[in-house]
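Q: Need a 3D model of the following:
(chains A and B)
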There are 2 protein chains.
Amino acid sequence: MSKPLILVTNDDGITAPGIGHLVSVMRNLGEILVVAPNRPQSGMGHAITVGDTLRLKESKIFDGVRAFECSGTPADCVKMARHYVLKGQRQPDVVVSGINHGSNTSISVLYSGTMSAAIEAAIEGTPAIGFSLCDYSNDADFSHALEYVKKITQQVLKEELPKGVALNVNFPPKRNEAIKGIRICRQSNAKWVEEFDERRDPNGRKYFWMTGNFVNFDKGEDNDEWAIANNYISVVPCQFDLTAHHAIPVLNNWSILG
Amino acid sequence: MSKPLILVTNDDGITAPGIGHLVSVMRNLGEILVVAPNRPQSGMGHAITVGDTLRLKESKIFDGVRAFECSGTPADCVKMARHYVLKGQRQPDVVVSGINHGSNTSISVLYSGTMSAAIEAAIEGTPAIGFSLCDYSNDADFSHALEYVKKITQQVLKEELPKGVALNVNFPPKRNEAIKGIRICRQSNAKWVEEFDERRDPNGRKYFWMTGNFVNFDKGEDNDEWAIANNYISVVPCQFDLTAHHAIPVLNNWSILG
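A: Below is the predicted model:
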C-alpha cells in the first residue's frame, strides 16, 4: 500500500514554528505537500480571495518536502492545493492545519484561519484536523503536543471521520503536570467582549486597536474550555452545515408565511 | 414605546446600492445606525482584524441617518458598533446586513461577509438577518425584494428569534413571474469547484484568478437552492455552534482515548 498523502497548511504563515513542528511529525506518517500562506493570516475566518489575484511560489523551507507559499487565505491554500497543484492527480488522504500559535477553542473556531482550512477540506470530503496550542507566544513549547498530533492523525488515517466533519484539536499550554489525555468535546458557550483602544496617528487622525476579553458562560464539563483548563487535549468535531435545525419548526409558525 | 434601534451593515461597502435599499426600508421601521465597510469585503467569511489597526469615519451618505464607514470586515463593523459607537448606550434591537449583491445560499454562507455580520450579532444575543439577492450585477433590480425585507424584519422585531440564531435570507433574481412566497429551509448540500485561471504579469511572473462552478448535490425540496430555483424566498436559520453533535459518540470509540 502506498503511503498516505498529507496536505499541510496553517494560518500563521509558512515560516511559523508551529507548521515546522507539524511537518516534522507528518514526515513519519506519509508523503507531504505543504501549501501555506506567505504571511500571517490569523483571524481570517473562512475568508477567500474574491476580486483579487493570487500568487503561488515554490518554497525550499522544508528540506526534501514539496512546498508552496500562497498569497491567499488558509481556505485559498486548500483550494489551490486541490484544484491547481494536485489537479488531475491523487488527492490528499488527510489535511492537517496548524499547529496554531494560540487557542481556537469555543467561539474562536469561527474566527480561526486554522480551522477554516480544515473545514474547507471537509467540504471537499477529505478528513481534516486543525491543531492549536493554547499558548500565543512565538517561542511556545510544542514538545508535549507532538506525540498526540501523531496519534490523532494516525487514528484519523486509520478510521477516517464521519462525513462532513473536521476536528478542532486544542492542546493545553505546557505545564509542569503532564497532559491527562484526550477529551471529545462540544464547543463551549463563550464569547469575546471587545474593547477599542483609541489612539491618534502623527497626523492627529483617530485609529483603533481591537482588544478583547474572553468570557466563558459555560458551566459544563463536556466542552473544550473545561478540557483545556483541566489539562486535557480537547477534540471538537465540527461541521459546515450551519442550519439551526431546531429553529425550523419555530419559524414555520410565522404568520407572514401565508 | 420607543422605536426599535436597527443596526445596518453589509459586506459590499457603504456605497453599494444594496445597503441603500436596506436603509430605505429600515427608515420606516425604527431608528437607524449604519456601520459598514469603507470598501467591498466580499468573501471575507468571519474574518476579523487582528494585528492591524482600524479606522472609523462618520459618513453623510444617508440623509438624516447616523452612519460610519469602517476600514475593517463586516464582523469588525458589528463589534465596533456595539463596543465603541454604542458603548454604554442602548444596544440594537435587530441587526440587518445586506442587501448583498449575489447569492449566499448553501455553502456560500461560510464565505459570506454579509452573514458573518449577522452571526456576529447572534453571538452577542441580538436578533439578526442577512439579506442577499441572487443577482450579482451592480445595477440589479431589488424592487421585488423590498416589501419582504420589511415583512421579515417586522416579524423578527415582533417575535424575536430562537436564542443564538441568525437568519440567512436569499431573494430570487427579479423574474417575470412574481415571488411565490417565503420558505423556511435548511442549507442545501452543494459546493464550489474551483478553477485557477493562470496568467503572466508584465514581468513574466505567474498569477491566478480563482473562478469556480457551483455544484448542487441536493435532491431535496426543503433547502435554499430549491426555494430560489422555484421563485421562493429562502430563510435558513443559522447557528454559531459548529459542533457536529452526532459525531461525538463515534469519536468516543477511539482506541487512543485510553
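Q: Does anything pack onto the helix ranked longest in chain A? Which helices or strands?
A: Ranked by residue count under DSSP state H, the longest helix found in chain A is helix A:143-159. Helix A:143-159 sits against helix A:17-26, strand A:94-101, strand A:128-133, strand A:165-171, strand A:233-239, with contacts defined as 3 or more Cβ pairs under 8 Å, 6 or more residues apart in numbering or on different chains; DSSP states H and E. Bear in mind the C-beta positions are built from the backbone N, C-alpha and C, glycine included.
Q: now check the next helix or strand after the last one, is it near chain B?
A: Elements were assigned by DSSP states H and E; along the chain past strand A:233-239, the next helix or strand is helix A:248-251. Yes: looking at helix A:248-251 against chain B by Cβ under 8 Å from any Cβ of the partner chain, the contacts come from A:248, A:250-251.
Q: about what we covered before: name the residues that touch the longest helix of chain A?
A: A:4, A:6, A:21-22, A:24-26, A:28-30, A:93-94, A:96, A:99, A:127, A:129, A:131, A:133, A:167, A:169, A:171, A:174, A:178-179, A:182, A:233, A:235, B:254-256 (Cβ atoms under 8 Å, 6 or more residues apart in numbering or on different chains).
Q: let's see it at 6 Å
A: Contact with helix A:143-159 is made by A:4, A:25, A:29, A:94, A:127, A:131, A:133, A:171, A:174, A:179, A:233, B:254, B:256, as judged by Cβ atoms under 6 Å, 6 or more residues apart in numbering or on different chains.
Q: Stretch A:239-254 too?
A: In contact with stretch A:239-254 (Cβ under 6 Å, 6+ apart) are residues A:119, A:123, A:164-165, B:109, B:155, B:162, B:165, B:184, B:186-187, B:236-239, B:244.
Q: Just the buried positions in that stretch, please.
A: A:239-244, A:247-248, A:251, A:254 (16 or more other Cβ atoms under 10 Å in any protein chain shown).
Q: In CSV, list those residues along with pLDDT.
A: Putting the buried residues of stretch A:239-254 into CSV (pLDDT from 0 to 100) gives the following:
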residue, pLDDT
A:239, 98
A:240, 97
A:241, 97
A:242, 98
A:243, 98
A:244, 98
A:247, 98
A:248, 98
A:251, 97
A:254, 95
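Q: Of those, just say which sits nearest to residue B:72.
A: Closest approach to residue B:72 among the buried residues of stretch A:239-254 (Cβ to Cβ): residue A:242, at 22.3 Å.
Q: What pLDDT does the model give the nearest residue to the closest one once chain neighbours are set aside?
A: If you skip the residues right next to it in sequence, residue A:242 has residue B:238 as its closest partner in space, 4.3 Å away by Cβ to Cβ, 6 or more residues apart in numbering or on different chains. We have a pLDDT of 98 for residue B:238.
Q: what's residue B:238 in contact with, if anything?
A: Per Cβ under 6 Å, 6+ apart, neighbours of residue B:238: A:242, B:166, B:168.
Q: do you know how far it is from residue A:66?
A: Using Cβ to Cβ, to the nearest Å, one gets 38 Å for the distance from residue B:238 to residue A:66.
Q: SS state for residue A:2?
A: The local conformation at residue A:2, judged by DSSP: H, G, I helix; E, B strand; the rest coil, is coil.
Q: That one - how many residues pack around it?
A: 8 (other Cβ atoms under 10 Å in any protein chain shown).
Q: Distance check, it against chain B.
A: Distance of residue A:2 to chain B, given as Cβ to the nearest Cβ, to the nearest Å: 24 Å.
Q: swap in residue A:166?
A: For residue A:166, the distance to chain B - Cβ to the nearest Cβ - is 9 Å.
Q: Isn't that residue up against residue A:120?
A: No: look at residue A:166 against residue A:120 with Cβ atoms under 6 Å: they stay out of range, at 8.6 Å.
Q: sorry, back to before: closest to chain B among the residues of helix A:248-251 next to chain B?
A: residue A:251 (4.4 Å; Cβ to the nearest Cβ).
Q: Any of the contacts of helix A:143-159 buried? List them.
A: For the contacts of helix A:143-159, buried by 16+ other Cβ under 10 Å: A:4, A:25, A:29, A:94, A:127, A:131, A:133, A:171, A:174, A:179, A:233, B:254.
Q: farthest-separated two in these?
A: The distance between the two most remote of those (Cβ to Cβ) is 28.8 Å, for A:4 and A:174.
Q: For the stretch 151-258 of chain A, what lies in contact range of chain B?
A: Residues of the stretch 151-258 of chain A found near chain B (Cβ under 6 Å from any Cβ of the partner chain) are A:151, A:155, A:162, A:165, A:181-182, A:184, A:186-187, A:191, A:194, A:196, A:207-208, A:236-239, A:241-244, A:247-248, A:250-252, A:254, A:256-258.
Q: Next, count neighbours for residue A:148.
A: Neighbours around residue A:148, by other Cβ under 10 Å: 19.
Q: whoops, residue A:186 was the one
A: Neighbours of residue A:186 (other Cβ under 10 Å): 20.
Q: how about the nearest residue to residue A:68 once chain neighbours are set aside, what does it touch?
A: Residue nearest to residue A:68 in three dimensions, not counting chain neighbours: residue A:35, with 4.8 Å by Cβ to Cβ, 6+ apart. By Cβ under 6 Å, 6+ apart, the contact set of residue A:35 is A:9, A:68, A:70, A:77, A:80-81.
Q: Which parts of the stretch 1-150 of chain A are helices?
A: Assigned by DSSP state H, counting those that start in this stretch, the stretch 1-150 of chain A shows helices spanning A:17-26, A:74-80, A:108-111, A:113-123, A:143-159.
Q: Turn these into TSV, including distance to residue B:60.
A: Formatted as TSV, the helices of the stretch 1-150 of chain A follow (distance: least, Cβ to Cβ, whole Å):
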stretch	distance to residue B:60
helix A:17-26	46
helix A:74-80	36
helix A:108-111	32
helix A:113-123	36
helix A:143-159	53
